[in-house]
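# Next comes the sequence, and after it the predicted model I'd like to discuss.
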Amino acid sequence: MRPTKLTVQGLTAFRKPVEVDFTDLDLFAITGPTGAGKSSLVDAITYALFGQAPRVGRSVRELISQGEDRLKVSLEFTVRGDSYRIFRESGRKSQRPPQLERFDKAAGEWRSEEVDRVRDTNAFIERLLHMDYEAFIRSVLLPQGEFQEFLAGDRDQRRRVLDGLLRLGVYGDMQRAANAIAARQNQDATRIAARLEGELANATPAALKEAKKEQADRQAEAKKAKSAREALEGARLTAETLSGARDQQRTAAAAPSTAEKGLSEAKEAAQTGEAKAEAVRKKVAALTERLEANAFDADEYLRYREAKRIADDLTEDEKALAELDRERGTLDSQVTAATAVAEKAASAHEKAEKAASEADEALDAAGRAHA
């Protein structure tokens, strides 16, 4: 930040408007008798930027010239090639919001920045300068009394002044905190080292080898136990499968017997029905021949009607016989299916017995391994 123009009015010795132009000055000195207003110029610059001054802090009303009601300060300055202008005004009873402007080079005029409140303006200045009020008065402006002490004092006095100006005590506090942390870490390291020496006193190569061997033995035992558990689980599943297969075998074994019995009964019923049907057919044929050979005879006609009724009954018997044939076909299919189930059950039974034998062998092996 570089000041280019300062305008002051109503501030201590500067009752009337005073303008100080720094534009063409690379290096300058402010001189004059006591009370001429040298420190007031420094107060005006800091007040314009931050709204407070080194001598009075935020009580800037104390800087108002005697007999005046208000003080006004305007400061133009440049930062990284851009020009800014800030205006502040305070009265004995009130103050106006600051006004901040930036010079638009393209338009050749001052344009207002969008900051209205005092807090927003101060925050904008701090971001622009990369420092707050405390940093500014310690790095840019050196108060008059401390400057004299710095010039005339010895090494310790100058160090004390610099510590106060730059707040170097913060780094001393950080160093002390770091030393305390380092001391605690060293104590922890010493304690851990002592514990390790006690715990690992017997950690010889031979002990390490023995520990590895013991670990390998335990891993082998764990593996055997796992195999035994798997074998037991397999045996349990095999036993369940065998039990189911035996139930299926018993069911399948009973199915052919039941089917054969039903088939035999159906065959007997069919044979009986066929014999009855054949006898009735013969009787009807004989009656028909007699009717054709002789004239109408009422008795013969009645016998014919009776034979016809019997023939009708025979038709029903034939239907029943056909149903019996269908049932016999169904029974044949059931016998075939039952035979297939029985064969599968026998095969499953054989496999289940083989699996049970293998499970017994695995259990014996697991028992021997565990022993």
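On my side now, so go ahead. Numbers count the residues shown, from 1 in each chain.
# okay, and the helix or strand of this protein with the least pLDDT?
The helix or strand of the chain with the poorest confidence is helix 144-152; it has a mean of 62 (mean pLDDT, DSSP states H and E).
# hang on, isn't E126 packed against E134?
No - with contact taken as C-beta atoms under 8 Å, E126 and E134 are classed as non-touching, separated by 10.6 Å. To be clear about C-beta, it is placed using only N, CA and C from the backbone, and glycine gets the same treatment.
# right, and R111 touches L100 too?
No - the criterion here is C-beta under 8 Å, and R111 misses it with L100 at 10.3 Å.
# more crowded one of these two?
L100 (20 against 10; other C-beta atoms under 10 Å).
# Report pLDDT for the more buried one.
Looking at L100, its pLDDT is 93.
# can I see the domain layout of this structure?
Using automatic domain parsing, the domain ranges for the chain come out as 2-130, 235-370.
# what about E126 and E134, which has more around it?
Counting neighbours by other C-beta under 10 Å for E126 and for E134 shows that E126 has the greater number, 16 against 10.
# need the contact list for the spatially closest residue to I125 that is not a sequence neighbour.
Spatial nearest neighbour of I125, chain neighbours left out: L49 (5.5 Å); criterion: C-beta to C-beta, 6 or more residues apart in numbering. If you count contacts by C-beta atoms under 8 Å, 6 or more residues apart in numbering, L49 has them with 75, 86, 125, 129, 133, 136.
# Tell me the spacing between L49 and E278.
Relative to E278, L49 is positioned 137 Å away (C-beta to C-beta, to the nearest Å).
# before we move on, what about R92?
Look at R92 and E278: by C-beta to C-beta, they are 147 Å apart.
# likewise T121?
With distances defined as C-beta to C-beta, the gap from T121 to E278 amounts to 130 Å.
# what about those two, which has more around it?
When neighbours are counted by other C-beta under 10 Å, T121 and E278 differ, and T121 comes out ahead with 21 against 11.
# Just confirm the more buried one contacts F87, I think it does.
No - T121 lies out of contact with F87 (C-beta under 8 Å); the separation is 10.3 Å.
# how about the contacts of L49 in TSV, adding neighbour count, distance to R218 and secondary structure?
Below are the contacts of L49 laid out as TSV (neighbours: other C-beta atoms under 10 Å; distance: C-beta to C-beta, whole Å; DSSP: H, G, I helix; E, B strand; the rest coil):
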residue	neighbour count	distance to R218	secondary structure
L75	22	84	strand
I86	22	81	strand
I125	25	74	helix
L129	16	72	helix
Y133	19	72	helix
F136	19	73	helix
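# Identify each of the helices in this protein and give its residue range.
Using DSSP state H, the helices found in the chain span residues 38-50, 118-129, 133-139, 144-152, 155-166, 169-199, 205-293, 298-370.
# ranking those helices by mean pLDDT, which is last?
Ranked on mean pLDDT, the bottom entry among these is helix 144-152, at a mean of 62.
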